[in-house]
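Participant: Sequence first, predicted coordinates after that:
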Amino acid sequence: MSSAALNSTAASFALHGKTILVTGASSGIGRQIAITCSQRGARIIATGRDKARLQQTFDQLQGQGHVQIIADLTNATDRDRLSAAADTLIHGLVHCAGQQRICPLRQLTEDIMTQMYTVNFLAPVMLTQKLLHANSIARQGSIIFMLSTAAHSGTRGVGPYSAMKSGLMGIIRCLALEQAKRKVRVNGISPSTVPTAMWGAEHDMIEAEKTRHPLGLGTPDDVANAAVYLLADASRWVTGTSLIMNGGAMT
Ligand SMILES: NC(=O)c1ccc[n+]([C@@H]2O[C@H](COP(=O)([O-])OP(=O)(O)OC[C@H]3O[C@@H](n4cnc5c(N)ncnc54)[C@H](OP(=O)(O)O)[C@@H]3O)[C@@H](O)[C@H]2O)c1
């Protein structure tokens, strides 16, 4: 391949000149997405609830001009504050903040259901709405919702979480059409098991998960690489879909 072609390929996957807002940047997948995007040249607006953990992410960002904002995204005032603090046009918005609760439907309470709805569905949808309303998302920008393979297939005990991630797929499909005139792409990433703090002390469950993944479990790096593709100009023709990443797990 000629050096011109190589340069053009590299440019398609670069994030130089882009500002990317990452929620859930204080831990796990969101943290790695923030770090990897900064290594690709992006300016990062990192947000999370825990000040010390968010600072740890911030310290690992490459380059200059990054911003960190503490916000509980289930709180409308915090979402307004985050949107207002996003001082420049955003070229990429990555919704990683989320929580999982294992809870079979027979044991479900309204409190758990409300928690799953508020953090996993309402918060990313209303933050997106706020940023669009403020004209903060740049033309040809990219919006990513972190879904899960649970959005596409059933697993015992994760009904409420699964339903919220499936619900986001509905938002993705509709918003992709609504934003197509501005060439803003809207997609999901649907990872299977990635050992992070979200799994807590469920070591037995993680061991069991290994047996059904022919390529092994995922890492935050794997998901961050997918995010880079969806944020970069390389994915300019991809919208309204979700990239399933499951290491070959079929069930
Ligand atoms: N790990 C997996 O196996 C897996 C698989 C599929 C999909 N996912 C999805 O990937 C995303 C990231 O998960 P993870 O594994 O990286 O989990 P994690 O390490 O537990 O990180 C969760 C992040 O969400 C933030 N968060 C939670 N509640 C919040 C709230 N009310 N307001 C603002 N931020 C909040 C946390 O912030 P603080 O720590 O600052 O509170 C943290 O940064 C989630 O949406 C999850 O559903 C994960």
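Facilitator: Here it is on my side, so go on. Residues are numbered from 1 along each chain as shown.

Participant: residues touching residue 167, list them.
Facilitator: residue 121 (C-beta atoms under 8 Å, 6 or more residues apart in numbering). From N, CA and C alone the C-beta is placed, and that goes for glycine too.

Participant: what about it, which helix or strand?
Facilitator: helix 159-179 (DSSP states H and E).

Participant: what packs against the next helix-or-strand element following that helix?
Facilitator: Using DSSP H and E, the helix or strand that follows helix 159-179 towards the C-terminus is strand 185-191. Judged by 3 or more C-beta pairs under 8 Å, 6 or more residues apart in numbering; DSSP states H and E, strand 185-191 is in contact with strand 137-146, helix 159-179, helix 220-231, strand 242-245.

Participant: how much does strand 185-191 deviate in direction from strand 137-146?
Facilitator: Interaxial angle, strand 185-191 versus strand 137-146 (axes from the mean of the first three to the mean of the last three C-alpha atoms, to 10 degrees): 20 degrees.

Participant: burial of residue 60, as a residue count?
Facilitator: By the criterion of other C-beta atoms under 10 Å, residue 60 has 13 neighbours.

Participant: what's the closest non-adjacent residue to it?
Facilitator: residue 35 (5.1 Å; C-beta to C-beta, 6 or more residues apart in numbering).

Participant: what about the helix or strand containing the one you found and the ligand, any contact?
Facilitator: According to DSSP H and E, residue 35 maps onto helix 28-39. Yes: judged by C-beta under 6 Å from any ligand atom, helix 28-39 and the ligand are in contact via 28-30.

Participant: of the residues you listed, closest to the ligand?
Facilitator: Distance ranking of the residues of helix 28-39 next to the ligand against the ligand, using C-beta to the nearest ligand atom, places residue 28 first at 2.3 Å.

Participant: Please state the offset of the helix holding residue 167 from the chain centre?
Facilitator: For helix 159-179, the separation from the chain centroid amounts to 13 Å (computed by C-alpha atoms, centre = their mean, to the nearest Å).

Participant: for stretch 227-236, same thing?
Facilitator: 13 Å.

Participant: before we move on, back to that, output the helices and strands packed on strand 185-191 in CSV; the columns should cover distance to the ligand and mean pLDDT.
Facilitator: Below are the helices and strands packed on strand 185-191 laid out as CSV (distance: least, C-beta to the nearest ligand atom, whole Å; pLDDT from 0 to 100):
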stretch, distance to the ligand, mean pLDDT
strand 137-146, 4, 98
helix 159-179, 7, 98
helix 220-231, 7, 98
strand 242-245, 9, 98
